[in-house]
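1. sharing a model prediction with you, sequence too.
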2 protein chains.
Amino acid sequence: MEKKQVKVGLMGLGTVGTGVLRILEGHQSDLFKQTGLEIVVEKILVQDTSKERNIRINPEWLTTDPYAVLRNPNIDIIIEVMGRTHPTKEYILEALENGKHVVTANKDLVAMHGAEILSKAEEKGCDVFYEASVGGGIPILRALVEGLSSDRIHKMMGIVNGTTNYILTKMSKEGAPYEKVLKEAQELGYAEADPTSDVEGLDAARKMAILSTLGFHVNYHLADVQVRGISKVTAEDIHYGKKLGYEIKLLGIAQNDDGCIEVSVQPTMIHHTHPLASVNGVFNAVYVYGEAVGETMFYGPGAGELPTATAITSDLVTVVKNMKLGVNGRGMVAPYRETILKTSEQIESKFFLRLIVSDQRGVLAEITSLLANSDISIEQIMQQPCGDATKQAEIIIITHMATKANMEKLLRDFSHLKSINEVKSLYRVEGGEEK
Amino acid sequence: MEKKQVKVGLMGLGTVGTGVLRILEGHQSDLFKQTGLEIVVEKILVQDTSKERNIRINPEWLTTDPYAVLRNPNIDIIIEVMGRTHPTKEYILEALENGKHVVTANKDLVAMHGAEILSKAEEKGCDVFYEASVGGGIPILRALVEGLSSDRIHKMMGIVNGTTNYILTKMSKEGAPYEKVLKEAQELGYAEADPTSDVEGLDAARKMAILSTLGFHVNYHLADVQVRGISKVTAEDIHYGKKLGYEIKLLGIAQNDDGCIEVSVQPTMIHHTHPLASVNGVFNAVYVYGEAVGETMFYGPGAGELPTATAITSDLVTVVKNMKLGVNGRGMVAPYRETILKTSEQIESKFFLRLIVSDQRGVLAEITSLLANSDISIEQIMQQPCGDATKQAEIIIITHMATKANMEKLLRDFSHLKSINEVKSLYRVEGGEEK
């Protein structure tokens, strides 16, 4: 007799878990029409079964015992929205061991233990999908795995953290300082009480590791993502950037040149004509450069109860369709390339430099000759007095393409130059004429 | 013995067909790693086998006989890039009858005969995919069918024709008149010698019919798309639009309110803060409003040899994977809703109106009282003398949300009013405060 129902175990019932329940209930008949099967909840793992919740729930679903879900013979699919990597990883591995398919929104888990989990899934013939782990409601992972499958992707640039994009957008629009905007964001619930993971770029780094693994067909390690957060970005930097035609965004940049890969997360000056420069507020976007397709962008809400739940439910629909077709565990493409990291000599970009110098004759000549010594040429330069009583001036430079190694050499040379009082800021630059 | 090769028949060898060959050759080893099968060309249908081509081709592949492809027992998959609907439709039906899977880029064919073709495919257990028919390299159909499958889409707005977007972008940036920009576009090859299909919105209408069918799960007929092209858009309209904060774009708009559907293609004033307002040149984008996911946008090249070929090859990869899994012909979701068209009383939007009136006392009072009579309220209004010797003035109005029926009534009332010399332009308005 053919199966009529698919039974789901939900691990975690926070915002996203609640959203999943809402969609499963609200869209029941649509989901049935699409899959031919009824998707029903069997068990929900929670910390406290007596807690008041703003959604109607059958009390029999709730349990505080993970094994009532993981070892429940009725359950076909686990939806993991409990977060953290421990004991979550162990739970997921046990679920797979028990032949259950897994849908997860857990970027930490996928970024850190994805390879191990996927290999267990393959062994057991189970599906593991994690669309919601990157870009919330944006179906970017599907686009990479399927839509652009025949192309060779050589670069991805992403605004993949809503909190930092909200902060930078607000700083840019209001000229307000970082600390003030962060505080407001915390009051509005857009930033957490401990904002480190967001503002220092760690959250974005995890997402970039996931994107790089899928887009470049490698097993990219989180530890190899170069990370710099936004906590040092100043209103002045944003002001000067704008003057030269740039916005500052926290960009994840993953680049593959002839098999050599660099992945970084850093506040970046992006030219105002680039579509990523207009991605504002809590929205996310991933800009993909494919050898054949050229440039495509995927834009949408990066977080939120229902967007994230939509991504999870779409994964769930895929698992159910695969179950019906009997093809689970075969949809994933295992990384088939070796990861070769770029050296500093191979990483190239334009740079934005802001220097505080003594306002005296010959300074500009000294600086420009140091740039020439490091093989760095200048695209734009601007000098102006600091406007205080210190007889200092500010010099703003946007370079042409230069290697990271040459820029590091330049910074060492600068540190020996007495007339330079401070290297106030240094940013990578993207967009504009050179790409 | 398991199959080692998949054999492809290519029908048509224009720009896109050549692009497909380039990708199949250039990405051979990647495609093998993804599918585990070698994808090889068996036959190519051309009009002239002796024609010089800028790609290396085995002369044995070429044939002028369609049945050498359609009835070739070695061929598993047909890639149709010959265009037109006749005899292409008959060819495709015969290919399916012979058990061959089909990948096509032919929007006319899909928009006009999609239902018949898909039903034959289902009967024969064959795949038919057509990602390249909408938005060139943008994987938008996959996003609708899979990524947003669990959501309920209530609106899609698309810039789905590159030629018209190029013309409108150029008119907006240079203040140049339509005829001049069209001529330049023709010289550059961005517009065809007979540009009717593009500039009158017919091409966009076909794409919107395809998007509506997939997004709303209905069988939306091309004839039910309301179409208006850009040939009457003037530099003045663009100028006044900008003054009020809007850009003019040829937008396909598909809207589903409680199961009642409207689909149109028309030059539309879109607020400059909306992401679609910054989609410039030949780029395409589709903005999707989902009940749960909120707002997402898919942006990329709408045409071109390699982008379109990428979409085709990605479809090809899907077919090959399905062959390996033995699940062809089951990936499509048949429309399961009835199409109920909105009436003029149900279609609502903001409007932009530009009137030429006699510059005499009381005109504005007459006009505003007619608006009130039609239950249309005003968001912005602007009056200024025409600046010629005719004693005329221009009145520009942006309304609040109003029904199409009420706007039609207003236009009838205007035609009886002596002080209105001409209704110079009328546009739908999107974005801004009200949505």
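-> Sure thing, it's come through.

2. domains for chain A, by residue range?
-> For chain A, automatic domain parsing gives the domain ranges A:5-134+A:305-325, A:140-301, A:348-430.

3. excluding chain neighbours, what is closest to A:Pro335?
-> A:Asn219 (4.5 Å; Cβ to Cβ, 6 or more residues apart in numbering or on different chains). Just so you know, the C-beta spots here come from the backbone N, C-alpha and C atoms, and that holds for glycine as well.

4. and A:Thr35, by the same measure?
-> Computed as Cβ to Cβ, 6+ apart, the closest residue to A:Thr35 that is not its neighbour in sequence is A:Val320, at 4.5 Å.

5. ok, back up a step: what are the phi and psi values at the residue nearest to A:Pro335?
-> The phi and psi values for A:Asn219, taken as degrees, to the nearest 10, are phi -110, psi 90.

6. got the contact list for it?
-> The contact partners of A:Asn219, taken as Cβ atoms under 8 Å, 6 or more residues apart in numbering or on different chains, are A:Ala115, A:Thr213, A:Pro335, A:Thr339.

7. how many residues are close by the third one?
-> What it means is A:Pro335. 17 (other Cβ atoms under 10 Å in any protein chain shown).

8. picking up where we left off before, wait, is the residue nearest to A:Thr35 part of a strand?
-> No. Membership of A:Val320 in a strand is not supported by DSSP: H, G, I helix; E, B strand; the rest coil, which gives helix.

9. neighbours around it, how many?
-> There are 25 residues near A:Val320, going by other Cβ under 10 Å.

10. does it touch A:Val40 like I think?
-> No. Judged on Cβ atoms under 8 Å, A:Val320 makes no contact with A:Val40 at a distance of 11.5 Å.

11. anything in contact with each of those two?
-> Taking Cβ under 8 Å, 6+ apart as the contact rule, A:Val320 and A:Val40 both touch A:Val6.

12. out of the contacts of A:Asn219, grab the one that's most surrounded.
-> Among the contacts of A:Asn219, A:Thr213 has the most neighbours (other Cβ under 10 Å), with 24 neighbours.

13. what's the separation between that residue and A:Ile92?
-> Distance, A:Thr213 to A:Ile92, using Cβ to Cβ, to the nearest Å: 17 Å.

14. the closest residue to chain B within the stretch 301-435 of chain A: which element?
-> At 3.4 Å from chain B, A:Thr313 is the closest residue in the stretch 301-435 of chain A, using Cβ to the nearest Cβ. Element membership for A:Thr313 (DSSP states H and E) is helix A:305-325.

15. ok, and what's touching the worst-scoring helix or strand of chain A on mean pLDDT?
-> Lowest on mean pLDDT, DSSP states H and E among the helices and strands of chain A sits helix A:28-35, with a mean of 84. Applying Cβ under 8 Å, 6+ apart, the external contacts of helix A:28-35 come out as A:6, A:24, A:38-39, A:313, A:317, A:320-321, A:324, B:149-150, B:152, B:217, B:333, B:336.

16. now do 7 Å
-> A:Glu38, A:Ile39, A:Val317, A:Val320, A:Lys321, A:Lys324, B:Ser149, B:Ser150, B:Arg152, B:Val333, B:Tyr336 (Cβ atoms under 7 Å, 6 or more residues apart in numbering or on different chains).

17. mind listing the helices in the stretch 251-400 of chain A by residue range?
-> A:305-325, A:363-373 (DSSP state H, counting those that start in this stretch).

18. which residues of chain A score low on pLDDT?
-> A:1-2, A:331-333, A:433-435 (pLDDT under 70).

19. how about a cut-off of 80?
-> Residues of chain A meeting the criterion pLDDT under 80: A:1-3, A:34, A:147, A:149-150, A:325, A:330-334, A:387-390, A:433-435.

20. by neighbours, which of the contacts of helix A:28-35 wins?
-> Busiest of the contacts of helix A:28-35 [other Cβ under 10 Å] is B:Ser150, holding 28 neighbours.

21. separation between that residue and chain A?
-> Distance, B:Ser150 to chain A, using Cβ to the nearest Cβ, to the nearest Å: 3 Å.

22. using the three-state scheme, assign that residue.
-> Judged by three-state DSSP, the three-state class of B:Ser150 is coil.

23. excluding chain neighbours, give the residue nearest to it in space.
-> Distances taken as Cβ to Cβ, 6+ apart place A:Thr313 nearest to B:Ser150, at 3.4 Å, with adjacent residues excluded.

24. can you give me phi and psi for the most far-flung residue of chain A relative to its centre?
-> The outermost residue of chain A relative to its centre, with distances by Cα atoms, centre = their mean, is A:Arg361 at 45.8 Å. Main-chain torsions, A:Arg361, degrees, to the nearest 10: phi -60, psi 140.

25. ok, it - contacts?
-> Contacts of A:Arg361 (Cβ under 7 Å, 6+ apart): none.

26. now do A:His272
-> A:His272 is in contact with A:Gly245, A:Tyr246, A:Glu247, counting by Cβ under 7 Å, 6+ apart.

27. neighbour-wise, which of those leads?
-> Going by other Cβ under 10 Å, A:Tyr246 tops these with 26 neighbours.

28. just after the least confident helix or strand of chain A, pick out the following helix or strand.
-> strand A:38-45.

29. check which residues of that next one are buried.
-> With burial defined by 16 or more other Cβ atoms under 10 Å in any protein chain shown, the residues of strand A:38-45 counted as buried are A:Ile39, A:Val41, A:Glu42, A:Lys43, A:Ile44, A:Leu45.

30. may I have the strands that pair with the following helix or strand past it, each with its orientation?
-> Sequence-wise, the next helix or strand downstream of strand A:38-45 (DSSP H and E) is strand A:62-63. Strand A:62-63 pairs in its sheet with strand A:38-45 (parallel), by DSSP bridges.

31. which residue packs closest to A:Leu325, ignoring adjacent ones?
-> Nearest residue to A:Leu325 in three dimensions, chain neighbours excluded: B:Val327, at 4.4 Å (Cβ to Cβ, 6+ apart).

32. and the stretch 201-350 of chain A, which residues reach chain B?
-> Residues of the stretch 201-350 of chain A lying close to chain B (Cβ under 7 Å from any Cβ of the partner chain) are A:275, A:278, A:290, A:292-301, A:306-307, A:309-310, A:313-314, A:317-318, A:325, A:327, A:330, A:333, A:336.

33. mind redoing it with 6 Å?
-> Neighbours of chain B within the stretch 201-350 of chain A, by Cβ under 6 Å from any Cβ of the partner chain: A:278, A:292-294, A:296-297, A:299-301, A:306-307, A:310, A:313-314, A:317, A:325, A:327, A:333, A:336.

34. need the buried ones from these selected in PyMOL.
-> Selection of buried members from those for PyMOL, criterion 16+ other Cβ under 10 Å:
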select buried, chain A and resi 278+292+293+294+296+297+299+300+301+306+307+310+313+314+317+327+333
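
35. if anything else comes up later, I'll come back, but that's it for now.
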